[in-house]
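Q: For reference, the sequence and a predicted model appear below.
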Amino acid sequence: MKNKVAIITGSTKGIGLGIAEEFAKEKATVIIASLNQKDCEKTAKKIASKYKVKTLGIACDVSDTNQIRNLIKTTKNKFKKIDIFVNNAGIYPFKSISQIEEKDWDLVLDTNLKGSFFAIKEASKIMKPGSKILMISSIASMIGFSGLSHYCASKGGMNALVRSAALELASKKININAIAPGGIDTPGTKGSMDAKAREQIAARIPWKRRGTPKDIATVATFLCSDKAEYITGQILVVDGGWTLG
Ligand SMILES: NC(=O)c1ccc[n+]([C@@H]2O[C@H](COP(=O)([O-])OP(=O)(O)OC[C@H]3O[C@@H](n4cnc5c(N)ncnc54)[C@H](O)[C@@H]3O)[C@@H](O)[C@H]2O)c1
């Protein structure tokens, strides 16, 4: 990954931060794109000093297509290219069907699905052959979760988008794949589930533990490397066997 320029959305914490750190370890230039400019700059600075790589922090709300265009333009102007785009930013606010209003539906779908589509559209305009796009989907794209119908729909849409985009982007030799994580311990899941609920999930996972951002980040590193040149349009489940039984 040396000298590759990689944008990771939602990378000030959780899985996105894990991916940014793993890419930096491999000497990529990393662009930290999240909601808050100060947080992005702080994370970018920390990664630059820890891994001795170039970084940049740019605020970008992925539900706003203008901000996605700005993220791509600013990165291109500064680093001349984009080799890797990771669509990681996502939200999973638990609400039952009867509680979900139109604004709740729109926020989840705009963040998780619309944002990913426009990032693919804008990034692929300037990406060169050999570039990689990676989506962080979820096992919620494959099995149902009570209280997450809008989220499950957004992640199912993401998988369908990966397969269709892969067909179009193959002509430009741009790979696009997705990782579908299982239960990963992040600030997001710690905020939405108490310790007991997280332990109960761990007990049902064949691997007998919840995942870490690093479990996802190491797979992301492989899928975004030259070693994965012949893989495209795939959804790789990384869940310790949760969805097998
Ligand atoms: N943690 C899990 O168990 C799990 C499982 C499957 C899939 N995922 C997916 O992984 C991704 C990351 O999840 P996480 O648990 O690390 O989340 P998290 O809540 O811990 O971190 C999310 C990050 O995304 C950013 N973000 C939120 N909304 C944004 C927006 N509109 N624009 C830009 N950035 C935004 C936040 O600032 C933060 O940096 C999500 O797409 C999520 O659906 C997570």
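A: Done, it's in. Numbers count the residues shown, from 1 in each chain.
Q: Count the neighbours of residue 176 for me.
A: 29 (other Cβ atoms under 10 Å). To be clear about C-beta, it is placed using only N, CA and C from the backbone, and glycine gets the same treatment.
Q: now it, what's its secondary structure?
A: strand (DSSP: H, G, I helix; E, B strand; the rest coil).
Q: Which strand residues bridge it?
A: residue 133 (DSSP bridges).
Q: so how far is residue 53 from it?
A: Distance of residue 176 to residue 53, given as Cβ to Cβ, to the nearest Å: 24 Å.
Q: Now the residue nearest the centre of the chain. Its backbone dihedrals?
A: Centroid-nearest residue in the chain: residue 88, 1.7 Å away (criterion: Cα atoms, centre = their mean). When read as degrees, to the nearest 10, the backbone of residue 88 gives phi -110, psi -30.
Q: What parts of the chain come near the ligand?
A: Residues of the chain lying near the ligand by Cβ under 6 Å from any ligand atom: 9-10, 12-16, 34-35, 60-63, 88-92, 111, 136, 138, 181, 183-184, 186-189.
Q: Can you flag which of those belong to helices?
A: 14-16, 187-189 (DSSP state H).
Q: what's the average pLDDT for the helix ranked longest in the chain?
A: Ranked by residue count under DSSP H, the longest helix found in the chain is helix 149-169. Across helix 149-169, pLDDT averages out at 98.
Q: the strands in the protein, which residues?
A: Along the chain, counting by DSSP state E, strands occupy 5-9, 29-34, 55-59, 84-87, 132-136, 175-181, 235-238.
Q: closest to residue 226 out of the ones you listed?
A: strand 132-136 (9.1 Å; Cβ to Cβ).
Q: tell me the residue furthest from the middle of the chain?
A: Most remote from the centre of the chain, using Cα atoms, centre = their mean: residue 98, at 28.6 Å.
Q: Can you report phi and psi for it?
A: Dihedral angles for residue 98 - degrees, to the nearest 10 - are phi -70, psi -20.
Q: I'd like to know which of the residues of the chain next to the ligand are buried.
A: 9-10, 12, 14-16, 34-35, 60-63, 88-92, 111, 136, 138, 181, 183-184, 186, 188-189 (16 or more other Cβ atoms under 10 Å).
Q: any weak-confidence spans in this structure?
A: Applying pLDDT under 70 to the chain picks out no residues at all.
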